[in-house]
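**Student:** Build me a model:
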Amino acid sequence: MTVPTVLVTDAERGSAVAIIRSLGRRGWNVVAAASDRLVPGFYSGYASATVRYPAPLVDPDGAIDALIDAAGRHAVDLLIPVTDEIILPLAVARDRLPPGCRVAMPDAAALDAVVDKVATLELARSLGVPVPDGVAVGSVDQALSEAGQLGWPIVVKPRRSYDWRPGRPPTRRSVTYARSEAELRTAVEAAAGTDVLLQRFHGGTGRAVSLLLHEGMPIAGFQHRRLREVPTTGGASSLRESEAIDSELYQSALRLLTTLRWTGLAMVEFKSGLDGPLLMEINGRVWGALPLAVASGMDFPARLGELYMVGPPPGGPPVDTNYVAGVRSRDLELERVWIRDVLRGRPPLTGTCPPRRAAVGAALRLLSPSDGYDILEWRDLRPGVVDIARVILGPAWSGISRLRNLGPG
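**Tutor:** Numbers count the residues shown, from 1 in each chain. As a prediction, this is how the structure comes out:
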């Protein structure tokens with residue numbers, strides 16, 4: 001096989017940097033792509049070329065046009081989209097890719113089933129996978145009438161976190177929480193134009209099973225738990241740790257993805273608490289904690305590349321779950337936010353805010369190599385330096401990046 005050329009989008013993200021490094025170390029040609037100039041992935045020694053595209057939240061059609069053009073100019077064999085902002089418009093345009101260019105994403109039906117949170121929960125219920133109590137509503141009045149049965153606080157989820165349809169501007173909506181009728185009204189009104197999912201709030205530890213599959217058949221598996229989340233009520237993990245696969249979580253995740261005949265990477269998220277493990281969502285894209293899997297010895301990017309360029313392992317070998325438990329990795333930007341919020345004493349929905357000494361300890365441990373970083377790596381130092389600079393400079397870094405984006409090329 002000749003050396004493949006792979007284009008990786010969203011090179012500002014730690015997950016994209018992990019893919020760039022993994023495939024670059026295999027000797028593959030890697031094209032790093034992003035909408036900004038000053039992004040960590042552009043500075044990796046494993047990126048053989050860089051490509052810029054318009055900001056997908058502003059001009060999704062322009063972004064896809066630029067990626068399709070780049071795939072032709074660089075003779076790309078495999079395009080790996082990282083975020084929903086690229087995946088969803090690219091899914092519509094995948095037939096426009098140059099001949100011979102594969103794209104690492106599942107088929108349209110499987111993708112839609114995980115993008116639509118209501119469809120995901122309906123699938124889970126049909127398979128006996130436990131889910132939080134909840135209901136989909138389409139109006140404020142309906143939400144208020146259902147609230148009493150769920151109890152406060154209520155989790156308010158947009159049916160689609162990223163909503164894009166051809167010919168319409170994209171919209172990104174976040175999960176919010178309501179502790180009263182007034183807050184619920186505000187949350188539902190903010191989601192105007194889409195149904196929302198109301199769920200009972202469940203505390204506990206966030207755990208996730210990540211899988212690589214081919215047409216629903218598992219190839220490799222990994223599990224991690226969230227040690228810190230932003231916000232503290234539950235969200236993206238700022239610090240997480242690999243752990244041994246839990247059989248119950250694994251079987252639930254596998255039932256979901258096998259039913260969807262999923263091909264590619266996916267992460268199935270659960271909340272483990274007093275009510276047992278409950279499904280939160282299926283993340284059908286490259287997830288933020290991917291660098292932890294790679295650091296733990298589960299090289300998903302290399303396996304993903306082999307799946308699309310070579311094919312699935314012959315003979316249906318046992319699922320590979322050989323990795324090291326107890327490895328940690330942090331997202332530096334999210335750690336900064338977690339430390340800031342705890343120092344400010346922002347309370348969670350239930351219980352008490354972590355003590356300020358926990359934030360001080362987390363700040364001091366930023367210097368600890370044992371906790372690891374998503375992007376900072378001594379063998380490929382420059383992306384980590386860029387990441388540190390943008391975290392330290394904050395808004396000033398955004399201004400510098402905007403100025404650089406005005407330049408030619």
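**Student:** ok, Gly204 - how many residues close by?
**Tutor:** 15 (other C-beta atoms under 10 Å). Where you see a C-beta, it was placed from the backbone N, CA and C, and this is true even at glycine.
**Student:** How about it, nearest residue that isn't a chain neighbour?
**Tutor:** Gly273 (2.4 Å; C-beta to C-beta, 6 or more residues apart in numbering).
**Student:** what do you get for Arg336?
**Tutor:** Using C-beta to C-beta, 6+ apart and skipping residues adjacent in sequence, the residue nearest Arg336 is Val391, 5.5 Å away.
**Student:** what kind of secondary structure is the one you found in?
**Tutor:** helix (DSSP: H, G, I helix; E, B strand; the rest coil).
**Student:** so how far is Leu334 from it?
**Tutor:** Here Val391 is placed at a distance of 10 Å from Leu334 (C-beta to C-beta, to the nearest Å).
**Student:** for Thr83, same thing?
**Tutor:** With the distance defined as C-beta to C-beta, Thr83 ends up 16 Å from Leu334.
**Student:** Not counting stretch 357-369 itself, show me its contacts.
**Tutor:** Residues outside stretch 357-369 that contact it (C-beta atoms under 8 Å, 6 or more residues apart in numbering) are 228, 239, 330, 332, 335, 338-340, 342-343, 371.
**Student:** Can you give me every residue that contacts the residue nearest to Gly204?
**Tutor:** Neighbour list for Gly273: 202-205 [criterion: C-beta under 8 Å, 6+ apart].
**Student:** For those, pick the one with the most neighbours.
**Tutor:** Comparing those by number of neighbours (other C-beta under 10 Å), His202 comes first, having 18 neighbours.
**Student:** So how do I select the buried members of the contacts of stretch 357-369 in PyMOL?
**Tutor:** With 16 or more other C-beta atoms under 10 Å as the criterion, this PyMOL line picks the buried residues out of those:
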select buried, resi 228+239+330+332+335+338+339+342+371
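**Student:** Just put the contacts of stretch 357-369 in TSV and tack on secondary structure.
**Tutor:** Output for these, formatted as TSV (three-state DSSP):
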residue	secondary structure
Arg228	strand
Leu239	strand
Arg330	strand
Leu332	helix
Glu335	helix
Trp338	helix
Ile339	helix
Arg340	helix
Val342	helix
Leu343	helix
Asp371	helix
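**Student:** what two of the contacts of stretch 357-369 have the greatest distance between them?
**Tutor:** Spatially, the most separated pair among these is Leu343 and Asp371, at 18.8 Å (C-beta to C-beta).
**Student:** quick revisit: looking at Val391 and Leu334, which is more packed in?
**Tutor:** A direct count of neighbours by other C-beta under 10 Å for Val391 and Leu334 places Leu334 higher, at 21 against 17.
**Student:** Please flag which of the contacts of Gly273 sit within strands.
**Tutor:** Thr205 (DSSP state E).
**Student:** Alright, I will stop here.
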